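Trainee: let me see the structure of the following:
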Amino acid sequence: MTLVKFTNAPINGIRKSAYKDVLGSLFNPEPYLSGNLVSRNPAVNIAETETDFHIELAAPGLRKENFKINIDKEQLIISAGHENDPSENAAAKKYNRKEFNFSSFSRIFTLPESADQNNVLAEYSDGILFITIGKKEEAKIQSRAISVK
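Mentor: Numbers count the residues shown, from 1 in each chain. Predicted coordinates for the structure are as follows:
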């Protein structure tokens, strides 16, 4: 059984036929060059706790050596590049269709004044780059009880 994506939603008021959709999905040589192309920048989650900022960047298929993380003034710059090695599998495999695409990217984040630029940790695990940025001591939320007189 072959899985084929059907899209019968109206386009400009005209419904695409299932016949065209099936043929298009079978014979389109480069479906990722169509209008359905998603941004090449990896998805990012940003969270904040009382003591840290956390950035999670989804970048599967890379190795930790592919990443470059720099801080320039108040900007955190995350970039990665992946070079395909043509001698790697060229002799062993002849591809009929190749859709894997590894390209470089760069993401820039402006750090708040409360971020401690000297306290940055990075770890790459299971296709996700985890970056933890500590907060300055004076920016950490300090709680205390206040008595009423």
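
Trainee: mean confidence for stretch 63-74?
Mentor: Mean pLDDT, stretch 63-74: 93.

Trainee: what number of residues lie near residue 79?
Mentor: Using other C-beta atoms under 10 Å, the number of residues around residue 79 comes to 14. C-beta coordinates here come from the backbone N, C-alpha and C atoms, glycine included.

Trainee: run through who's touching the longest strand belonging to the chain.
Mentor: The residue-count maximum for a strand in the chain (DSSP state E) belongs to strand 115-125. The contact list for strand 115-125, computed with C-beta atoms under 8 Å, 6 or more residues apart in numbering, reads 53, 59, 62-64, 67, 69, 71, 74, 76, 111, 129-136.

Trainee: which of those fall in strands?
Mentor: Reading strands off the contacts of strand 115-125 with DSSP E, I get 53, 67, 69, 71, 76, 129, 130, 131, 132, 133, 134, 135.

Trainee: before we move on, the earlier item: from the contacts of strand 115-125, list the buried ones, please.
Mentor: Buried positions within the contacts of strand 115-125, assessed by neighbour count (16 or more other C-beta atoms under 10 Å), are 53, 59, 62, 67, 76, 111, 129, 131, 133, 134, 135.

Trainee: need the max-distance pair from those residues.
Mentor: 62 and 135 (28.3 Å; C-beta to C-beta).

Trainee: tell me what residue 132 is bridged to.
Mentor: residue 54, residue 121 (DSSP bridges).

Trainee: can I assume it is in contact with residue 49?
Mentor: No - contact criterion C-beta atoms under 8 Å: residue 132 and residue 49 do not qualify, at 9.4 Å.
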